[in-house]
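**Student:** sequence and predicted structure are below.
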Amino acid sequence: MSKRMRDLFEEARASGRKLFIPYITAGYPRMEDTVPLLLAAQEGGADVIEIGVPFTDPLADGATIQHANTVALANGITLSGCFQLVREARNRGLTCPVVFMGYYNPILSRGEERAAAEAKAAGADGFIVVDLPPEEAGSFIAACRQNDLSFVPLVAPTSRDERIDVLAQVADAWMYCVSVTGTTGSKAVDSGGDLGAFIARIRRHTDLPLTVGFGISTRAHAASVWKVADAAAVGTAIIAAIDAAPADQRAQRVREFVEDVSGR
Amino acid sequence: MAVEAALSSRFGEFGGRYIPETLVAAHEDLEAAYNEARRDPEFQRELDDLLRHYVGRKTPLYFAERLTRECGGARIWLKREDLAHTGAHKINNALGQALLARRLGKQRIIAETGAGQHGVATATVCAMLDLECVVYMGSEDIKRQSLNAFRMKMLGATLVSVESGSKTLKDAINEAMRDWVTNVETTHYIIGSAIGPHPFPTIVRDFQSVIGNEARAQMLEQAGKLPDVAIACVGGGSNAIGLFHPFIDDPVRLIGVEAGGSGVGTGKHSATLVAGRPGVLHGTKTYLLQDADGQILETHSISAGLDYPGVGPEHSWLKTSERAEYVAVDDQQALEGFQALTRSEGIIPALEPSHAIYHAMNVARSLPANQDVLVGLSGRGDKDMHTVAAALGVTL
């Protein structure tokens, strides 16, 4: 785990503060939008930012993020292009931890060790790889550890107890709890019993911070997540906010959206 | 039991299970159910009974005498999967998996389809077993295969037109996976080829191995010997792996024929094993057509059923272990194969096996008359009449 990430979680734990984690697709809607959007998200109160690494076949994503992937690829984004955008954002004042979220093949194609080393050099803090369960992730987890990067496993409502143990063992920073069985942005989280029971079930297996994502779009959703978990992640709603904004106001709208949902 | 009965998840370095966490439990359940089913005599009995009385197996092995004479070399034999119910080999797998789904207690079936043959086969068995059926098909393929699209609707299936990406098979699989991630508790996904995450490549291969098992016995009976060469077309590769697998330990040359599209040099093709490199797509490590950044390339073939940028992981292993050879046949050559078989034998093949026919004719020409070439004739060509007419410049 990076020092940035460890410091954040220690501070949050000590103060009891809940965290907000927005998601931005790299290279969308234009390549030159990404760095200002990252900085705007930070200004709005993001504690960690997930940077979506576009892939041609994002099979766990709903229509909004699929579309963002397609447009970003048409703009010429690549994995090393994502690294370059983080490097640039760091140079321009981005200080919060960033994790890349995407699919395995671009990483495999780059070479696992090389991808991890380049991510580290660019100033990233970890990876969430949607289609890389622990059974297939041994060598990539090792490459991440070697570079002080966190490998963040996903846990789903369908994950069985013995499985959650396995997932908790490969996590070193936090776990990403998928709030619904579905694709990103598909339906709102159930702020009632289901989510609470799901998080409680995971909590029996780990003390690590738990982030809830998929299906969170409003302040009320985030607040219901914070009642039971440590952090709320929002993706589709941010992409939708970017889509709704005039080209010269995208950064401003993202800042406002993050301020609004995070309550900062 | 799980450890003792576990199927191998890999074919050499290929295969595996690269899936979103939401689907892990469903794959574990499927693997366990399949392990039980394949040892359960009652399951086998029901499957065999339906294969015989419903599908019409065994399918004939036909000696193509006129085509053999025209080529002037080795004898050409056709394994007639075009005569199976619904007109292609796809029903072997659809039936087996639908029986598995029933065992899993799942009443809703989803499937993807390219040429429409797997969609039709799945819709057919769902009608027969009274299961709900939703089929995902790229809008481009619906245009190319409107007859099959209509057949599925007649059979009671819900057909979903997929507009993302290249609007073909790959995108239909993405969309079916998204449905599955959402409805996994109630739904079984009948993958149509020997692709996807473990245990699908093994399950599909086992259900399709009926092709090779029958053909092997029929060759011994009708030709008095094993074939010297076995040839089949490869998109995802289910009919090919079904034909090849029972011959793996025999001294039989195995040749998979991929879609060369407009030519492998043009970039507009689907020849994954000929021109690709290993990667991970749709839950499995296998050869892929991809760019330098690991993004999946759009493919092209005159046959919708071969229009796929990946291939079953067992074929990747057969290639790297050099047990099988893989070649590409382009659109034009496939049309030649199509016409040659139609005119010489009165058998109208689908465009997919037309690729294999073309290559088999070349191989037969290069071999002496006392050798035997076995070709997987995976489906019939009714569905392709519009495409063939357009390619030949004829307006219907």
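**Tutor:** Looks like it arrived, so ask away.
**Student:** surely A:Phe127 touches A:Ala119?
**Tutor:** Yes - counting by C-beta atoms under 8 Å, A:Phe127 does reach A:Ala119; the two are 7.1 Å apart. Placement of C-beta: from N, CA and C, glycine included.
**Student:** list residues touching both of those two?
**Tutor:** A:100, A:149 (C-beta atoms under 8 Å, 6 or more residues apart in numbering or on different chains).
**Student:** neighbour count: those two, which is higher?
**Tutor:** A:Ala119 (28 against 25; other C-beta atoms under 10 Å in any protein chain shown).
**Student:** now the more buried one: which helix or strand?
**Tutor:** helix A:112-122 (DSSP states H and E).
**Student:** how about A:Gln84?
**Tutor:** helix A:79-91.
**Student:** so what angle separates the directions of that helix and helix A:112-122?
**Tutor:** 20 degrees (axes from the mean of the first three to the mean of the last three C-alpha atoms, to 10 degrees).
**Student:** tell me the helices and strands packed up against helix A:79-91.
**Tutor:** The contact analysis (3 or more C-beta pairs under 8 Å, 6 or more residues apart in numbering or on different chains; DSSP states H and E) places helix A:79-91 against helix A:34-44, strand A:49-52, strand A:98-102, helix A:104-110, helix A:112-122.
**Student:** which positions in it come out as buried?
**Tutor:** Using 16 or more other C-beta atoms under 10 Å in any protein chain shown as the test for burial, helix A:79-91 gives A:79-87, A:89-90.
**Student:** quick one: contacts for B:Gly196?
**Tutor:** B:173, B:282-284.
**Student:** run the last query once more with 6 Å
**Tutor:** B:282-284 (C-beta atoms under 6 Å, 6 or more residues apart in numbering or on different chains).
**Student:** buried ones among the residues you listed?
**Tutor:** Buried members of the contacts of B:Gly196, counted by 16+ other C-beta under 10 Å: B:282-284.
**Student:** who touches the top helix by length along chain B?
**Tutor:** In chain B, taking DSSP state H as the definition, the longest helix is helix B:200-222. Identification of contacts with helix B:200-222 by C-beta under 6 Å, 6+ apart yields B:7, B:34, B:58, B:61, B:79, B:92-93, B:96, B:191, B:194, B:226-227, B:238, B:241-243, B:245-246, B:312-314.
**Student:** and stretch B:346-359, by the same measure?
**Tutor:** By C-beta under 6 Å, 6+ apart, stretch B:346-359 touches B:231-233, B:257, B:302-303, B:305-306, B:329, B:333-334, B:336-338, B:341-342, B:375, B:377-381, B:384.
**Student:** what number of residues lie near B:Gly16?
**Tutor:** For B:Gly16, using other C-beta under 10 Å, the count is 21.
**Student:** what's the pLDDT at it?
**Tutor:** On pLDDT, B:Gly16 comes in at 98.
**Student:** how near is it to B:Val280?
**Tutor:** 8 Å (C-beta to C-beta, to the nearest Å).
**Student:** mind listing the strands for the stretch 101-250 of chain A?
**Tutor:** Assigned strands in the stretch 101-250 of chain A, in chain order: A:126-129, A:150-151, A:154-155, A:175-178, A:210-213, A:231-234 (criterion: DSSP state E, counting those that start in this stretch).
**Student:** with just CA atoms, put the fourth one into CSV.
**Tutor:** This file holds the C-alpha atoms of strand A:175-178, laid out as CSV (Å, rounded to 0.1, in the frame of the first residue of the first chain):
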residue,chain,number,x,y,z
MET,A,175,-12.3,-4.0,-0.4
TYR,A,176,-14.8,-3.0,-3.1
CYS,A,177,-18.3,-4.2,-2.2
VAL,A,178,-20.5,-4.4,-5.3
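**Student:** can you pull the contacts of B:Arg365?
**Tutor:** B:71, B:73.
**Student:** A:Ala72 now?
**Tutor:** Residues counted as contacts of A:Ala72 (C-beta under 6 Å, 6+ apart) are A:25, A:27-28, A:54.
**Student:** how close does it get to A:Gly102?
**Tutor:** Taking C-beta to C-beta, one finds A:Ala72 at 11 Å from A:Gly102.
**Student:** what of B:Glu325?
**Tutor:** Applying C-beta to C-beta to B:Glu325 and A:Gly102 gives a distance of 35 Å.
**Student:** surely B:Gln290 touches B:Leu281?
**Tutor:** No - with contact defined as C-beta atoms under 6 Å, B:Gln290 does not count as touching B:Leu281 (8.0 Å).
**Student:** more neighbours: these two, which one.
**Tutor:** Neighbours were counted for B:Gln290 and for B:Leu281 using other C-beta under 10 Å; B:Leu281 has more, 31 against 24.
**Student:** which SS class is whichever residue of chain B sits closest to chain A?
**Tutor:** Nearest residue of chain B to chain A: B:Gly294, at 2.8 Å (C-beta to the nearest C-beta). Secondary structure, DSSP: H, G, I helix; E, B strand; the rest coil: B:Gly294 is coil.
**Student:** excluding chain neighbours, what is closest to it?
**Tutor:** A:Ser109 (2.8 Å; C-beta to C-beta, 6 or more residues apart in numbering or on different chains).
**Student:** what residues does chain A have near chain B?
**Tutor:** A:56-57, A:59-60, A:78, A:104-106, A:108-109, A:130-131, A:136, A:154, A:156, A:158-160, A:181-183 (C-beta under 6 Å from any C-beta of the partner chain).
**Student:** mark which of the residues you listed are buried, thanks.
**Tutor:** Looks like these have A:56-57, A:59-60, A:78, A:104-106, A:108-109, A:130-131, A:136, A:154, A:156, A:158-159, A:181-183 buried, using 16+ other C-beta under 10 Å.
**Student:** please settle this for me: is B:Pro309 part of a helix?
**Tutor:** No - in this structure, B:Pro309 is coil, not part of a helix, as judged by three-state DSSP.
**Student:** that one: neighbour count?
**Tutor:** B:Pro309 has 24 nearby residues by other C-beta under 10 Å.
**Student:** the longest strand in chain A is where?
**Tutor:** Longest strand in chain A by number of residues (criterion: DSSP state E): strand A:19-25.
**Student:** so what touches that strand?
**Tutor:** Contacts for strand A:19-25 (C-beta under 6 Å, 6+ apart): A:12, A:37, A:41, A:46-52, A:68, A:72, A:211, A:231-235, A:238, A:258, A:262.
**Student:** pull up the pairing partners for that strand, direction included.
**Tutor:** According to DSSP bridges, strand A:19-25 forms sheet pairs with strand A:49-52 (parallel), strand A:231-234 (parallel).
**Student:** quick one: these as JSON lines, columns for mean pLDDT too.
**Tutor:** Putting the strands paired with strand A:19-25 into JSON lines (pLDDT from 0 to 100) gives the following:
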{"stretch": "strand A:49-52", "mean pLDDT": "98"}
{"stretch": "strand A:231-234", "mean pLDDT": "96"}
